[in-house]
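Asks: okay, structure incoming, though there's no sequence with it:
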């Protein structure tokens, strides 16, 4: 296949590039490098089945030749990034999604949207399944990301209903692994950086809020299986093993052998209290579930950050 990946120099996008190349496919990586990093794809630049195009997908985009798939992963994804680039985040979720859907329609290519667990907001039900409509503050500080993804889902679904494209929607829950930005503000790189440098680990609130951590290789396998499915409805992809942030902080300190302590700060506005995916649909329809243990995934992630 020939696959175009927007945001292909980002954390998940670059791993997806690697995975598809290993499967023998041709990959076109499109990224404006706003939050992506060329070093994430540097090892592929000499590969004859890989092409990199520096391009902002909110601008008019033309591509010569055939395309079988467009995987739309372009977007700032961490709170630090999307709060630094609020308008760009809204633009890529709206105009960028529209541009890529139009390209998919023109090329008769299939389309995948990288959506997020953030569409559920600060959920009032747990675990979250795909039928849950969410609890989102549409004007809060996180809304630039939440609503951009919710709009992108609505737009993608409209194209499917109008029979303009055949699309997949992946709702991605907390994913971690090598190539995350060390200063991107998400809990895994934050804790790793702080523990490695002997700083106090920053826990917000009392640390009783939960997250469910999925290693990036598991996620990419789930995305690939979703591509080969016939599911047009959203599919949760994540690890249903729920962990309190305070417990995760202590696990990180033990894993690194750090002497760091824990410091507490006020909980940010609209910060989700629970994150636990119901992956029943992925299990049934894709025969997919995460395999990598948290301990194993953290070992690889810590090793990467030590190099950084």
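Replies: Good, I have the coordinates. From a predicted model like this one, the values you see are computed outputs, not experimental measurements. Numbers count the residues shown, from 1 in each chain.
Asks: what's near enough to touch the residue located most distally from the centre of the chain?
Replies: Within the chain, residue 259 marks the point farthest from the mean C-alpha position, 31.0 Å out by CA atoms, centre = their mean. Residue 259 makes contacts with residue 198, as judged by CB atoms under 8 Å, 6 or more residues apart in numbering. To be clear about C-beta, it is placed using only N, CA and C from the backbone, and glycine gets the same treatment.
Asks: what's the distance between it and residue 269?
Replies: 32 Å (CB to CB, to the nearest Å).
Asks: just residue 2 next, same as before
Replies: In terms of CB to CB, residue 2 sits 43 Å off from residue 269.
Asks: ok, now residue 121?
Replies: As judged by CB to CB, residue 121 and residue 269 stand 12 Å apart.
Asks: which residues do these two both contact?
Replies: residue 137.
Asks: more neighbours: which of those two?
Replies: Neighbours were counted for residue 121 and for residue 269 using other CB atoms under 10 Å; residue 121 has more, 23 against 10.
Asks: residues contacting the spatially closest residue to the more buried one that is not a sequence neighbour?
Replies: In this structure, residue 121 finds its nearest non-sequential neighbour in residue 136, 3.5 Å apart by CB to CB, 6 or more residues apart in numbering. By CB under 8 Å, 6+ apart, the contact set of residue 136 is 119, 120, 121, 122, 143, 146, 147, 150.
Asks: now secondary structure and pLDDT too, for the residues you listed, in a markdown table please.
Replies: Shown next, in a markdown table, are the contacts of residue 136 (DSSP: H, G, I helix; E, B strand; the rest coil; pLDDT from 0 to 100):
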| residue | secondary structure | pLDDT |
| --- | --- | --- |
| 119 | helix | 97 |
| 120 | helix | 96 |
| 121 | strand | 93 |
| 122 | coil | 92 |
| 143 | helix | 95 |
| 146 | helix | 96 |
| 147 | helix | 97 |
| 150 | helix | 98 |
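Asks: could I get those as CSV with distance to residue 158?
Replies: Putting the contacts of residue 136 into CSV (distance: CB to CB, whole Å) gives the following:
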residue, distance to residue 158
119, 16
120, 21
121, 22
122, 27
143, 21
146, 19
147, 16
150, 13
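Asks: neighbour-wise, which one of these leads?
Replies: Result: residue 120 is most packed of the contacts of residue 136 (other CB under 10 Å), 27 neighbours.
Asks: so what's the residue lying closest to that one once chain neighbours are set aside up against?
Replies: Excluding its sequence neighbours, the residue lying closest to residue 120 (CB to CB, 6+ apart) is residue 134, at 4.2 Å. For residue 134, the contact set (CB under 8 Å, 6+ apart) comprises 119, 120, 121, 123, 150.
Asks: please repeat the previous calculation with a cut-off of 6 Å.
Replies: For residue 134, the contact set (CB atoms under 6 Å, 6 or more residues apart in numbering) comprises 119, 120, 121.
Asks: which member of these is positioned nearest residue 302?
Replies: Distance to residue 302 across the contacts of residue 134 (CB to CB) is lowest for residue 120, with 29.0 Å.
Asks: and the residue nearest to residue 121, how far from residue 269?
Replies: 13 Å.
Asks: ok, residue 282 next?
Replies: Going from residue 282 to residue 269 by CB to CB gives 31 Å.
Asks: before we move on, what about residue 13?
Replies: Going from residue 13 to residue 269 by CB to CB gives 29 Å.
Asks: what do you get for residue 305?
Replies: Applying CB to CB, the value for residue 305 to residue 269 is 28 Å.
Asks: what does residue 240 give?
Replies: 27 Å.
Asks: check residue 112 too.
Replies: 31 Å.
Asks: which residues touch residue 138?
Replies: Counting by CB under 6 Å, 6+ apart, residue 138 touches residue 147.
Asks: let's have the chain start at 47 instead
Replies: Sure, I'll start numbering at 47, so the last one becomes residue 184.
Asks: so what pLDDT did it get?
Replies: Reported pLDDT at residue 184 in the predicted model: 95.
Asks: what do you get for residue 151?
Replies: 98.
Asks: for the helix or strand where it lies, buried residues please.
Replies: Using DSSP states H and E, residue 151 sits in helix 143-153. Residues of helix 143-153 classed as buried by neighbour count (16 or more other CB atoms under 10 Å): 143, 144, 145, 146, 147, 149, 150, 153.
Asks: between the two ends of stretch 208-218, how far is it?
Replies: Stretch 208-218 has an end-to-end distance of 25 Å (CA to CA, to the nearest Å).
Asks: where do the helices sit along the chain?
Replies: Here the chain has its helices, by DSSP state H, at 57-68, 125-130, 132-137, 143-153, 189-207, 233-242, 262-273, 291-302, 326-332, 340-353.
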